[in-house]
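J.: here is the input, now give the coordinates:
(2 chains, ligands or ions: 2)
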Amino acid sequence: MMTRETTFNISIALLLLAAPIAAHYAGEPFYVTLATRIAVLSLAAVGLNIALGLGGLVSFGHAAFFGIGGYAAGILASHAFAGSPLIFGLPGTQQMPVIWIVAVLFGGFAAFLIGLITLRTAGVYFIMITLAFAQMIFYFAISWPAYGGEDGLPIFVRNQFPGINTLNPLSYFLLCYVLLGLALLLFRLLADSRFGAALQATRQNDVRVASVGIPPYRIRLVAFTISGMFTALAGALFADLNRFVSPSMLSWHMSGELIVLIILGGVGRLFGPVVGAALYVLLEFWLGGITERWQFFLGLILLGVVLFARGGVIGLVAGRARHG
Amino acid sequence: MADPILAIDELVKNFGALKATDHVSLDLRPGEIHALIGPNGAGKTTLISQIAGTQRPDAGRISFDGRDIGALSVAQRARLGLGRTFQVSSLAPEFSALRNVMLAVQAVSGSSFRFFKPVMRDPSLMEPAMAALERAGLAERAHVAVAELSHGERRQVEIAIALAMKSKAFLLDEPMAGMGPEGSSRLTGFLDGLREEAPILLVEHDMNAVFALADRISVLVYGRVIATGTVDEIRADPEVRRAYLGDEA
Ligand SMILES: Nc1ncnc2c1ncn2[C@@H]1O[C@H](COP(=O)(O)OP(=O)(O)OP(=O)(O)O)[C@@H](O)[C@H]1O
Ligand SMILES: [Mg+2]
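T.: Numbering: from 1, shown residues only, chains lettered A, B, ... in the order given. Ligands and ions are numbered 1, 2, ... in the order given. Reported below is the predicted structural model:
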C-alpha cells in the first residue's frame, strides 16, 4: 500500500516532468527554463536536507558549496574556451561529466574542512560560524580578479554532455531532472541506512548516540561532507543554466534561500526540497511580476508555515514523518 | 577474589565550591551487584557520568577491563563495554523503541558508516534488538515512538539498549524510578539474574530492591564514600543510619 506521502511525491515528480515537456511543445521555452531552475534548486536543497533535515545541522553557509560548484563549471569552461591551461598545466574542459566530478570533489573537500571546525560547535554558534566561512569565500571570490571578481564569469557556450544537445532547453532540463532523481534516490537510501539511522539519532539526542558507542562528531562530519557534495553539483548545473557564475551564488542570501526552501517544503522530508523549490520559484515568478516586494509575501507564507504547519507543505498533505 | 572489571581511584570533581566527587575510590567485581546509595545531591549521578565519560573528573583514575579509560570519549568507553542507563531517560524520542535499540545493535555489530542497506530490512539488526526488548519486557510496544511511551516504559527501553550493547559492565542510574511497584519487583527479579552476564553498578533509592539485590553497598554523602560493605554491615552502620537510612534499616 502506498502512503499519502508517496502518492504526493510521485504526483509532484510527474508534474515537474510533464509541465516543461508540455511547455516545450507549446513553444514556450521560458517555462522549461523555469522548471530547470526548480530542479537545480531542488538538488541544492536535497544536499542541505541531509545536513539540516536528517542531521539537524542548520548550516547558514551552504552557498559556499553551491558557489564552489558554480565556479568549478565557470573556471574549467573559461580555460577550455580560451585554450589556456589551469594550474599544473592541466587543461580546462567543457565536458559536464568532468566538471561535475570536479565540482563534487571540491564541494566535498570544502565541506569537510569547514565541518571539521564548525561541527565542534552547536546551535546558534554553528549557524554563525558556517555563515562566517561562507562569507570568507564570498569575499575571496569578489577580490579575485582572474575569474571576474565582482562582475562574475560568463560561460559563453553551455558545456557539453556526450550524446545530448545541452543547448536545447528541454534536453538540459531532462539532464537536471535525472540528476535530481538520482539525488533523491540516494537521499532515501542514506536516510534508511545505518548511517542515516545514526545521523537522525544525533539530531534527536547525541548523548544517546555516543552512549551506545557511535561517535556523533564523525557521523556529522561525513554527513556534512556528503551534503556539500550534492549542493556543489547543483551549483555546477546552475552555472550552466544561467551561463554565468558570480559571487552572488556564494552570498548569504543564497544560503538563506536554501533553508527557506526546505522549511517551506518540509524539513527532512524526501520531497521537501522539491516542493519548496517549486513554490519559491513560482512565487518569485508570479508575485515578482506583480510587485517588487514579492519577498514580503514570501515572508508571510514562511511565517504561516513556521507557526501553523511545522512540517511544511508535505507535513500538511501527509501528516507527521514516520520513523518505523 | 577475581580482579575488578571497573576500578575508580581517588576521583575528584568540583562544581565551583561544591565537592560533587570527593576522593572516591570503589570497584566493581565480576558477577556482583554493587549498589551506590545516598541522599539526593550526594553525587551519585555525577560519579556515573564520570565513569561513562559524559563528565570529566578534575583528578583521579578510572580503569576498566584492565586499561585506563580516562582519556577515552563516551563512544569509545561504550564500545569497550560500559553500558549506562540514564536517571532521566535519554533516548531518541522520534524513533520507535525498536529503532532506539537497533542503534545499539548497530554500534556493536560493526560500522555505522554503511550507506545503502535499509536498517528496517536487516534481520541482523532487528532480531537482536527485538530479543533485547523482549528480555526487558517491552516487546509488544516495540513499534511505538519513544515520545509516546510512559516513563516506566522508557526505563525499559534504556535497559534493553544496555542489554543490546553486550555490555561488560552495567551502570544503572535509578532504573526503578517511575516504574511503579509491580514494575520494580519485576525489574528486581530481572537484575538478580543479569549479574551473571555482567556486573552492575546500581544507583537506586528503592531500598527494598537494594537490600534484595546488592552483594555490596557503598554509601555516598556529600561526594564522599562514608561506608562500603555487605547489606548487613551497612544496615548496622551507625553513621549510615544517621546520614541516610534513618528508619528504613
Ligand atoms: N553540571 C553541574 N553543574 C553544577 N552543579 C552540578 C552539576 N551537576 C550536578 N551538580 C550538583 O552536584 C551535586 C551532585 O549531583 P548529582 O546529580 O550527582 O546527585 P545525585 O546523588 O545523583 O542526586 P539524586 O539522588 O537526586 O539523583 C548536586 O548538588 C548537584 O546540584
Ligand atoms: Mg542522580
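J.: by mean pLDDT, which helix or strand of the chain comes out lowest?
T.: Just so you know, I chose chain A. helix A:294-308 (a mean of 85; mean pLDDT, DSSP states H and E).
J.: chain B is the one I meant
T.: Of all helical and strand segments in chain B, the minimum by mean pLDDT, DSSP H and E falls on helix B:238-240, at a mean of 85.
J.: next, the buried residues of the least confident helix or strand of chain A.
T.: A:294, A:298, A:305 (16 or more other C-beta atoms under 10 Å in any protein chain shown). C-betas here are computed from N, CA, C, even on glycine.
J.: the second one and residue A:238: what is the separation?
T.: Distance, residue A:298 to residue A:238, by C-beta to C-beta, to the nearest Å: 20 Å.
J.: go on, residue A:61?
T.: 17 Å.
J.: which of the two has more neighbours?
T.: More crowded of residue A:61 and residue A:238, by other C-beta atoms under 10 Å in any protein chain shown: residue A:61, with 29 against 25.
J.: Three-state assignment for residue B:167, please.
T.: Following DSSP: H, G, I helix; E, B strand; the rest coil, residue B:167 is assigned to coil.
J.: so what does the closest residue to it other than its chain neighbours look like in phi/psi?
T.: Among residues not flanking residue B:167 along the chain, residue B:83 sits closest, at 2.9 Å (C-beta to C-beta, 6 or more residues apart in numbering or on different chains). Residue B:83 adopts backbone torsions of phi -110, psi 110, taken as degrees, to the nearest 10.
J.: hey, what's residue B:83 bridged with?
T.: Counting by DSSP bridges, residue B:83 forms beta bridges with residue B:170.
J.: before we move on, back to that, from the chain's centroid, how far away is the least confident helix or strand of chain A?
T.: 21 Å (C-alpha atoms, centre = their mean, to the nearest Å).
J.: now swap in stretch B:5-18 and tell me
T.: With C-alpha atoms, centre = their mean, you get 17 Å for stretch B:5-18.
J.: who's in contact with it?
T.: If you take C-beta atoms under 8 Å, 6 or more residues apart in numbering or on different chains as the criterion, stretch B:5-18 is touched by B:19-30, B:43, B:46-47, B:50-51, B:55, B:57-65, B:82, B:168-169, B:199, B:201, B:223.
J.: please save the CA atoms from that stretch in PDB.
T.: What follows is stretch B:5-18, C-alpha atoms only, in PDB (Å, rounded to 0.1, in the frame of the first residue of the first chain):
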ATOM      1  CA  ILE B   5      36.400  -5.100  36.000                       C
ATOM      2  CA  LEU B   6      36.000  -1.500  36.900                       C
ATOM      3  CA  ALA B   7      38.200   0.400  39.400                       C
ATOM      4  CA  ILE B   8      37.800   4.000  40.400                       C
ATOM      5  CA  ASP B   9      40.700   5.500  42.300                       C
ATOM      6  CA  GLU B  10      40.700   8.800  44.200                       C
ATOM      7  CA  LEU B  11      38.300  10.500  41.900                       C
ATOM      8  CA  VAL B  12      37.600  14.200  42.400                       C
ATOM      9  CA  LYS B  13      35.100  16.500  40.800                       C
ATOM     10  CA  ASN B  14      34.200  20.000  41.900                       C
ATOM     11  CA  PHE B  15      31.500  22.300  40.700                       C
ATOM     12  CA  GLY B  16      32.900  25.600  42.000                       C
ATOM     13  CA  ALA B  17      33.000  25.300  45.700                       C
ATOM     14  CA  LEU B  18      30.800  22.200  45.700                       C
END
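J.: what is the rounded mean pLDDT of it?
T.: Averaging the model's pLDDT scores along stretch B:5-18 yields 96.
J.: would you map the strands across chain B?
T.: Taking DSSP state E as the criterion, chain B contains strands spanning B:6-15, B:18-28, B:33-37, B:59-64, B:67-68, B:82-85, B:169-173, B:200-203, B:216-221, B:224-229.
J.: and those strands as TSV, adding mean neighbour count?
T.: Putting the strands of chain B into TSV (neighbours: other C-beta atoms under 10 Å in any protein chain shown) gives the following:
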stretch	mean neighbour count
strand B:6-15	18
strand B:18-28	19
strand B:33-37	24
strand B:59-64	17
strand B:67-68	10
strand B:82-85	27
strand B:169-173	25
strand B:200-203	25
strand B:216-221	22
strand B:224-229	17
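J.: of all those, which one is nearest residue A:2?
T.: Closest approach to residue A:2 among the strands of chain B (C-beta to C-beta): strand B:82-85, 39.4 Å.
J.: the closest one close to ligand 2?
T.: No. Counting by C-beta under 5 Å from the ion, ligand 2 is not contacted by strand B:82-85; separation bottoms out at 11.8 Å.
J.: who are the packing partners of that strand?
T.: In terms of contacts (3 or more C-beta pairs under 8 Å, 6 or more residues apart in numbering or on different chains; DSSP states H and E), strand B:82-85 is packed against helix B:44-52, helix B:151-164, strand B:169-173.
J.: mind listing residues that contact the first one?
T.: Here helix B:44-52 makes contact (C-beta under 8 Å, 6+ apart) with A:211, B:6, B:8, B:11, B:13, B:20-21, B:24, B:36-38, B:55-57, B:62, B:64, B:74, B:77-78, B:82, B:84, B:87, B:171, B:173, B:201, B:203, B:220, B:223.
J.: so what's the residue count around residue B:47?
T.: 29.
J.: where's it relative to ligand 1, distance?
T.: 7 Å (C-beta to the nearest ligand atom, to the nearest Å).
J.: one more: residue A:138?
T.: Residue A:138 is 39 Å from ligand 1, by C-beta to the nearest ligand atom.
J.: which one of the residues in the stretch 101-250 of chain A is closest to ligand 1?
T.: residue A:207 (13.2 Å; C-beta to the nearest ligand atom).
J.: contact partners for that residue?
T.: Counting by C-beta under 8 Å, 6+ apart, residue A:207 touches B:54, B:74, B:90.
J.: near ligand 2 too, which of those?
T.: Within these, nothing lies near ligand 2 by C-beta under 5 Å from the ion.
J.: tell me which element the spatially most central residue of chain A falls in.
T.: Centroid-nearest residue in chain A, with C-alpha atoms, centre = their mean: residue A:44, separated by 0.7 Å. For residue A:44, the enclosing helix or strand under DSSP states H and E is helix A:29-49.
J.: so what's residue A:151 scoring on pLDDT?
T.: What the model reports for residue A:151 is a pLDDT of 88.
J.: that one and residue A:245 touch, don't they?
T.: No. The pair residue A:151 and residue A:245 does not pass the contact test of C-beta atoms under 8 Å, sitting 10.5 Å apart.
J.: more neighbours, those two?
T.: residue A:245 (30 against 12).
J.: how near is the more buried one to residue B:223?
T.: Distance from residue A:245 to residue B:223, by C-beta to C-beta: 62 Å.
J.: need the contact list for residue A:225.
T.: With contact set as C-beta under 8 Å, 6+ apart, residue A:225 has these partners: A:108, A:111-112, A:115.
J.: which helix or which strand is home to the residue of chain A found nearest ligand 2?
T.: Residue of chain A nearest ligand 2, by C-beta to the ion: residue A:207 (15.2 Å). Using DSSP H and E, residue A:207 maps to helix A:206-211.
J.: tell me the buried residues in that helix?
T.: For helix A:206-211, the neighbour count (16+ other C-beta under 10 Å) marks A:206, A:208-211 as buried.
J.: relative to the whole chain's centre, how far out is that helix?
T.: On C-alpha atoms, centre = their mean, the centre of helix A:206-211 falls 29 Å from that of its chain.
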